Each structure stands twice: as C-alpha cells, then as structure tokens.
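# Task: produce atomic coordinates for the following.
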Amino acid sequence: MRKIYLLFLMVFMAIQFNALAERINIPGVKIPGLIISEVRPDSEATAYVELTNVGTTPINLSKSADEYFVLHSVHYNTRIVAVSDSIISFNRLNTAVNGTIGKVYLKGILQPGESFVVATAWDANDTRRTGIPRHNTAIAMIGKQFVHKNESTNTYGWINQPAWQCFGKDSVSASYESGIEELKGEPSAGYLIQWHFKKDSVAVDSTYIDQFNFFHFPELNGQLKGNQIFPIAGVDDAMTTSVMVRKANVAKGNLKWDQSRGTDATTSEWLVIPKNTSKKDAYTTVGNHGVYNLNYTVNKPSIVLLNETAKTISVPWELVRGDSLSHYFNLGKGMSWSYDYNDSFEDSSSYIAKTGDKFSLYAVGNTLKKIDFTLQVRVPKPYDAMVFPKRRLLFGQKLVWIR
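From the prediction side, this is the model:
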C-alpha cells in the first residue's frame, strides 16, 4: 500500500510540474520575449533585477486595457499552494497573498535587445549618520525603475540629498491592485515575471513567463521556500557571494529552475561572477545584455602599471584593497572585476594592497571570459607617510582589535 501511495504521489507531483512548465507555452498565444537577464539577490539594499527584451518587437510594460507585466519577488516564507492552467497562487505562512509578496508593476517601453533594471532606493541614514544612502548609488544612475524602501521606522533620519535619490527617476510606483511595491533581497530570494494578457475580446488571463530561484520541483513542492541556498552553475554560495548574468543565447524564459540553474558552467543558463562590495560602483554588465569581450585600458598609467605579458599590475603602496583598483581602468560593456587577497597573517592589519593580491577582469556572453593579474606593490619612498584604519580580526573565534 505504501508503494502505491508513493507512486501516486510521484505521478501527482509530475503532473503539477508539467502544468507549471508547459504554462509558458499557451496554445495560440505568443509569449513576449521578456526574460530575467541579471540578478543580484543578496540583500535588500543592494538587490537589483535586470530584464531584457530578447524578442524582435517592442514590449509595452505599462498597464493597458490589453496587458501589463509584474515583477514578483518572494522570500523564504513563501510556499506554492496551487497550480492551475491559468494562474499560480502563492501564500506566506497560509495567509492571504496580498501584501506578503513583493510586487513591482513595470512601466515603460522596452525595445528589442534593450535591458531594464529594477532596484531598491533606500535613503535611510546609517548609525554613524554619514549621509550616504544604503542603496548602490551607481545602480541608481543606471536603473529605470525603483522601489522605495519603507523608512517610517528609520531611527537615524532621512538623507536630504536629492542627488542620491535615484537621480530624479521614479522611485515610488503606483499599484494597480492591493498589495505593496517591494523588491525582496536576501540569499534565498526568488523572482518571477507575470504577464497579464487579454485571452480574447472579453476574458483576461495571466501566466508567469520567466523566473529566478523559485520553482524547485520536486524538492519544495507544497513546502515553504525556506532558507535553502541551492547551487547555481555548480557554485554553492552563488546567492550570497555573486551576481548572476543570463547567457546571451537564452532566447526565452524558463520556469524549470533546476534546469535553468544547471549543475555546472556548461549546463547552466547563468554565468556566475563575484559581487563587488562598494556602494558607489556598478559593473558594466548592468543595463547591458549580449556577447562581450575583455575590453579594458588603464586610465592613469603613471600610477597603475599594467604588464600584459607578465600578467602583473604594479601599484603604489598606498592603494586600498578591493574595488578601488577598478577606478584605474576603463571597462567596456559587459565587464566586471574581482579582487582576491594574498593571505598573510603577519601583514594583515591594514587595508592597503599587498604583493601577491589578485585582480581579475571578466566579460560575459555565452561563456565567461576571464583574465587574472598579480599585484606588485611598489616600495614607498622614505618620506611617504599616510594613515590607514586598522582591521578587526577574528582570532580564536573572538573578535579583537589590532592595535
């Protein structure tokens, strides 16, 4: 009897999955060529989703009598409660769906090949009252639509600097139905594009046409999405450490997430690149989708000396580790970078660059192109003197200050 029950359950789950997967191919309906092309999901302050029109005709994202598009974002407390031919329903801890899932009602016209970035604007001051917003100000210059984080409970005041506030772009979008405008951001976040369309002269229908990190079948069928972090392209911690860029040859959405994420760099639809840490810098992948090459030059060759043959970069001793080195490069479209420390306990008390550190450049497309450089730090002159903050150290599982 137990075997029969298990067999029935497996068949039922397969039927549900097929209904979900095939919903993207509705007989007689041409699905718009709108896909999720880039995602940084790790936190609400830095999260963004890039959408691209991979079709051949313009897409009107705004609400009209015939259609409109919604970007849903979901989190660990969301579960699938029903799958039907017309609509996929969600709830959060068995409560009503409205107000529990992030919804962004998209606006604007997206031309073929054009990308559209949705991000969060968070103008809350931090505990030190630095006057710097929590969102990435470089993304604010690139993005097309923004969702304001609710700052009503902000303890440290608002930032009265209009230049930081999405550079005059729309950051509070009107809802077309009940529910809140929000873009979820966390290591287990998921994103979905929902298309509402006119089925005939009277009836209105809807379907999800693409997704990122939500439909885990059969593992999570009927369960909470939970805090599980699944590998993407074989990278175990991709959701916390990386930015995911869709391969340029993906021509339509895919509701089978386990197929989309793949098991390695070959089978995945996604290229995984290390995320940056600065809130003032953005990769040139953001807002651009296609096939790109490693295209870079040094903009201050008297300070940063690049040796292409030896794959080395000579830098001044006062260079700060991390994203700051990227400021000395002009990067073409579709590029990113990473900075890896040369571990040395004896010389780890400051943030300045160390000989042996690695700086890498990436270019996206159908495959990920990469070039690595090794840093060579020049010896300071006897009269050079600068002050740098010391680093905190986790020593013996206890956080201590190096003095």
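
# Residue 377 is in contact with residue 355, isn't it?
Yes - contact criterion Cβ atoms under 8 Å: residue 377 and residue 355 qualify, at 4.7 Å. Glycine gets a C-beta too; all of them are placed from N, C-alpha and C.

# which stretches of this protein aren't confidently modelled?
Scanning the chain for pLDDT under 70 picks out the ranges 1-28, 76-101, 150-154, 158, 160-181, 215-227, 344-350, 384-403.

# Would you map out the domains in it?
Domain ranges of the chain: 2-274, 296-401, per automatic domain parsing.

# residue contacts, residue 237?
Neighbouring residues of residue 237 by Cβ atoms under 8 Å, 6 or more residues apart in numbering: residue 229.

# doesn't residue 249 make contact with residue 366?
Yes - counting by Cβ under 8 Å, residue 366 touches residue 249, with 4.9 Å between them.

# So what pairs up with residue 313 in the strands?
On the basis of DSSP bridges, residue 313 is bridged to residue 306, residue 375.

# Please report the distance of it from residue 352.
Distance from residue 313 to residue 352, counting by Cβ to Cβ, to the nearest Å: 15 Å.

# Counting neighbours, go ahead and name the busier of those two.
A count of neighbours by other Cβ atoms under 10 Å puts residue 313 above the other of residue 313 and residue 352, at 23 against 17.

# So the more buried one is in contact with residue 306, correct?
Yes - with contacts counted by Cβ under 8 Å, residue 313 reaches residue 306, the gap being 5.6 Å.

# mind listing the helices for this protein?
Counting by DSSP state H, the chain has helices at residues 2-22, 137-142, 238-241, 257-261.

# any shared contact partners between residue 313 and residue 306?
residue 373.

# give me every residue that touches residue 73.
Contact partners of residue 73, counting by Cβ under 8 Å, 6+ apart, are 49, 101-104, 182-185, 189-192.

# Just those residues: which are in strands?
Judged by DSSP state E, strands contain the following of the contacts of residue 73: 49, 102-104, 190-192.

# Of these - the most surrounded one?
In terms of neighbours by other Cβ under 10 Å, the ones in strands among the contacts of residue 73 top out with residue 49 at 26 neighbours.

# Now for the closest residue to that one other than its chain neighbours: which residues touch it?
Using Cβ to Cβ, 6 or more residues apart in numbering and skipping residues adjacent in sequence, the residue nearest residue 49 is residue 118, 5.0 Å away. Counting by Cβ under 8 Å, 6+ apart, residue 118 makes contact with 48-51, 71, 104, 106, 143-147, 183.

# tally of neighbours for residue 264?
Using other Cβ under 10 Å, residue 264 has 10 neighbouring residues.

# burial of the closest residue in space to it that isn't next to it in sequence, as a residue count?
Closest residue in space to residue 264, ignoring its immediate chain neighbours: residue 234 at 4.2 Å, by Cβ to Cβ, 6+ apart. By other Cβ under 10 Å, 15 other residues sit near residue 234.

# shouldn't residue 234 be in contact with residue 270?
No - the criterion here is Cβ under 8 Å, and residue 234 misses it with residue 270 at 10.5 Å.

# so what sits against both of the two?
Counting by Cβ under 8 Å, 6+ apart, the residues touching both residue 234 and residue 270 are residue 262.

# Who are the contact partners of residue 139?
Listed by Cβ under 8 Å, 6+ apart, the contact set of residue 139 reads 46, 48, 117, 119, 282, 286.

# can you count the residues close to the residue lying closest to residue 278 once chain neighbours are set aside?
Once flanking residues are discounted, residue 278 sits nearest to residue 323: 4.1 Å by Cβ to Cβ, 6+ apart. The burial count assigned to residue 323 is 16, neighbours taken as other Cβ under 10 Å.
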